[in-house]
Structures are given as structure tokens and as C-alpha cells.
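Asker: Quick check, what structure comes out for this input:
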Amino acid sequence: MATLAAHDTTPSFDHWGDAVVSDDDISHIPGERGWPVVGNTFRTLADPHGFTRRMVETYGKVYKTHAFGGWNIALIGAEANELVLFNRDKIFSSEQGWGPVLDQLFPRGLMLMDFDHHRIDRRALSIAFKPEPMRHYAGALNSGIAREVADWGGAMQFYPAIKKLTLDLAADSFIGIPWGPEADRINAAFVDMVQASVAPVRKPLPFTKMKRGVDGRAYLVDYFTRETHKRRVEGGGQDMFSQFATATREDDSLLPVDQVVDHMNFLMMAAHDTITSSATSLIYYLATHPEWQEKMREEIVAVTGGPDASGQPRPLDYDKLGELELTELAFKEALRMVPPVPSMPRRALREFEFGGYRIPAGAHVGINIHWTHFAEEYWDDPQRFDPMRHTPDKVRSRHKYAWVPFGGGAHMCLGLHFAYMQVKILMAQLLQRYRIEAADGYAPEWQEWPIPQPKDGLKVEFVKL
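Answerer: Now for the predicted structure:
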């Protein structure tokens, strides 16, 4: 069993860039520095999951690795997930963990906030996920998905198709504007920001991804700033942005305009790529496990009533989302097999102990969700796709933090119910229209980091029923 003790040591740093942890501070922790200068960066990027497995097998569930310019202490397993995500003693900073990657393009998003500031803004933003706006989103998703997927028959690459659809849906559900040139310009700026967030060149030099990302951010900051003022004066609709623009804090004050803008930018980033990745993995497993596809189709027809007299799929009503129980189990298993955020960084604000090791204040630490999702100590035959792992009785018998695709604790994904809803509506539209097939033995290679996607775009065929 893991041991934990937090020490009330005042940290000697103010910013995530401060180099406060020396080699001597962590000399007692096993691990590897790797090659000169680059450390284990390229080894990690080449095979993130294989690298983690090797390190755990060699050094155990607490180890150090030097990559991406500094030391990181890996804390592995469900107990580590609980320690870091639940964060009972407020030892770990999400802001200072994610900041080096996201701050230049997505500053002040919810993941880059801690403690009271995070709690206050999260509570204000939660209004966008109350039943009334969620009911509106469900209507927009039903109509938008139906319009787009009607033309998806035949052989296709699913990943780019769902990526485009998710962006187009965001224009309607998230921003409240129609599909068209304005939405296309917003989407292009957003894509530039996302690509820049993981670009190796971190300065906005001419012709670099970072320069395009910084320019994209400037465009979106200008657009959302103007629109926030406009919607506060004229009133907005039920879209997510209008909810954010008029959200109030505990003292009934409106969120500052610049914070509304930053939250909106971050939300689009957090929602878009993760939903795209998780929908893609679910389609892959349904195409290669047709028995589950058929179970879900039968359930969807039973809940929606099936296609109407003209052969058009009926929409999935918001009030019936909870009735798609098998669909939810399959989605949860796809999230286990391919978690959209495979690992999560934090920074220790105080010295603490875990697994018999003292971890100094200022250390960058990280948990590995993918490793936990495939650990035999939590899962029987973990390489096998088996949605029945997620029935209530199985969940009760497992460690609470063995399945954490949405994170946990105070930073649990704010939009997780939106994600379930979008995927269920997508499945309801697709499986009433098509049988999804893949070639025998199809097993595409995946780009595993930072957000998983199939390298070949996921080659499947949508056969009309």
C-alpha cells in the first residue's frame, strides 16, 4: 500500500519556470537522465506507453525521467491517481503543471487555475451545463449531426470527418453562430492554436506553428471580446458562449470580459480534440467488434423508435439519454482503451512522501492514466475490449481511481456530461443509418501523444442499412 505524508514546507518558487529542484534533491529517486541535453524526450515521444512500461518494470511506480528540458517524477497507479487528482491536502498545482505547455496560447483556462480561484470560476461556468442549456445543445447536436452524417456512406477516413463535424458543431452549440465563412475562420484560428500548443518551437518566429497559433489567438481574443460585450447588452441564446458571457460569481458580479474570453478559448480546445479522439476510438472498436455494434443498434432503436416512415433516423431525446446504457458502457470501455488524455502533469507546492520516497517542493510530477487503464492489478485481460467491465457491480469492486479518463477531484472534466451526450447522439444517428465495417485484422497505428489519433485517419466503411 502506498504511503503518504505531506510536509508543510514553504515552497521556494513563484513560477513554473523557476529551476528549484536540483539533481541532489532527487538523487534518492530511481530513474534515468537519458541522453545529453535532450534526455529521454525522443524516447518518450517515439513510444510513450512502451517507455512508461519499461520504466515501471525497471524502477517501480515512482521514478524520475529527464525530458522536455527538466526532471519529472512519475507517480504510477490508481493510488497515485487518487493522491494527485483528489489532492486532499492541496499539495499539487494544476496551473504550474500544465502552464509550460498551455499558458502561451490558453492562459487562465480552468486547468490553469488552482484552489479558490478555480472553484469560483468553475462554479460560475457550470451554468452552461445545467439542464436547460444542455437540452438546447441536444437539439443542436441532433440536427447538426443528422445533416452531416447523411452523406457519410461508403469507405472513408473517420478521424478527419469527425474532426470537421466536431468543429462545425462547436460553432452552433458552443458559440451560437450558423455554419459558414465566419465559423470557418474561427475554426481555422482555433486549429492553429491547438497545433501550436504542442509545437517544438516555443517562440512565435515567422512561418512557425507557434506564430500561426499566436495569430489565431489574437483573432479569437478580438472576436470573443467584441461578442461578449454585444451579448451582455443584447442578450444571448442558449449556446455555451452566451452562458459564459452572462455567468456570475458568488457575489453576483459578472466574470471579467478577458476571463470569459480565456475560458471560451480553453473550453473549445479541451472539448474538441478530446471528443474527436474518443469518438474515433469508439468507432474503431465497434467496427472490429460487430456484436457490440449490433447490441447498441438494438438499444438505440428501442429507445428512439427507430427510423421514421421515410427511413430517416429519429433524434435521441435529451430526456432519454440515460436509457442508452449499453452505449455508455461501450463508450466507457473505449475511453479505457484509448484515454484521450493519457497522462496529466502537476507541480508539487510542498514536499510530500509517496511510495516510500520523499518528493521535494517544486518538483514536476505526473500521473499516467494509460498505464493504469491497462494494469492487470485492476483489470482482467486488459487488452480485450469488454464494455461489461463498467457495470455498477464491477465498478464497486475496483479502485475508484483505476478509470480516470475525465480526471478526478476538483479538476474533474466540467464538460463530461456534454461529451457523453454528443457521443450518444452521434451513435444514435450513425447506427440507425449504417453498419460500420473494417478490414479483417485491421489494427491501425496510433499517434499516442498528446491526444491519441490513428495515423491512417481510421479507415472504415459505412454500409447503408
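Asker: What residues of stretch 253-270 count as buried?
Answerer: Across stretch 253-270, burial judged by 16 or more other Cβ atoms under 10 Å covers 255, 259-270. Quick note: C-beta positions are derived from backbone N, CA and C, even for glycine.
Asker: and what of stretch 132-147?
Answerer: Going by 16+ other Cβ under 10 Å, stretch 132-147 has these buried residues: 133-134, 136-142, 144-146.
Asker: likewise stretch 210-226?
Answerer: Under 16+ other Cβ under 10 Å, the buried positions of stretch 210-226 are 210-214, 216-217, 219-221, 223-224.
Asker: Can you pick out the ones from these that are in helices?
Answerer: Members of the buried residues of stretch 210-226 lying in helices (criterion: DSSP state H): 210-214, 216-217, 219-221, 223-224.
Asker: just to revisit the earlier point, biggest separation within the buried residues of stretch 253-270, which pair?
Answerer: Of all pairs drawn from the buried residues of stretch 253-270, the greatest distance, 18.3 Å, lies between L255 and M269 (Cβ to Cβ).
Asker: Look up how far I436 lies from Q293.
Answerer: Distance check for Q293 against I436: by Cβ to Cβ, to the nearest Å, it reads 6 Å.
Asker: any shared contact partners between these two?
Answerer: Both Q293 and I436 are contacted by 286-287, under the criterion Cβ atoms under 8 Å, 6 or more residues apart in numbering.
Asker: Can you report how many residues neighbour A124?
Answerer: If you count neighbours by other Cβ atoms under 10 Å, A124 ends up with 21.
Asker: That one: what secondary structure?
Answerer: helix (DSSP: H, G, I helix; E, B strand; the rest coil).
Asker: so how far is P256 from the closest residue to it other than its chain neighbours?
Answerer: Counting by Cβ to Cβ, 6 or more residues apart in numbering, A124 lies nearest to A247, which is 4.4 Å off, once chain neighbours are set aside. Separation of A247 from P256 (Cβ to Cβ): 11 Å.
Asker: swap in Q104?
Answerer: 20 Å.
Asker: repeat for E437
Answerer: 51 Å.
Asker: cool, G306 as well?
Answerer: For G306, the distance to P256 - Cβ to Cβ - is 49 Å.
Asker: can you check V365 too?
Answerer: In terms of Cβ to Cβ, V365 sits 31 Å off from P256.
Asker: now swap in N87 and tell me
Answerer: Counting by Cβ to Cβ - N87 and P256 are separated by 26 Å.
Asker: try A402
Answerer: 39 Å.
Asker: Low-confidence bits of the chain, can you list those?
Answerer: 1-19, 236 (pLDDT under 70).
Asker: Strands of that one, start to end?
Answerer: 4-6, 31-32, 62-67, 70-75, 92-93, 154-157, 343-348, 352-354, 357-359, 364-368, 434-437, 446-447, 453-454, 459-464 (DSSP state E).
Asker: Can you add mean neighbour count and distance to P387 and give these back as CSV?
Answerer: Shown next, in CSV, are these (neighbours: other Cβ atoms under 10 Å; distance: least, Cβ to Cβ, whole Å):
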stretch, mean neighbour count, distance to P387
strand 4-6, 14, 33
strand 31-32, 18, 36
strand 62-67, 22, 32
strand 70-75, 21, 29
strand 92-93, 24, 32
strand 154-157, 12, 25
strand 343-348, 23, 24
strand 352-354, 20, 32
strand 357-359, 19, 37
strand 364-368, 23, 23
strand 434-437, 18, 16
strand 446-447, 15, 20
strand 453-454, 21, 20
strand 459-464, 17, 19
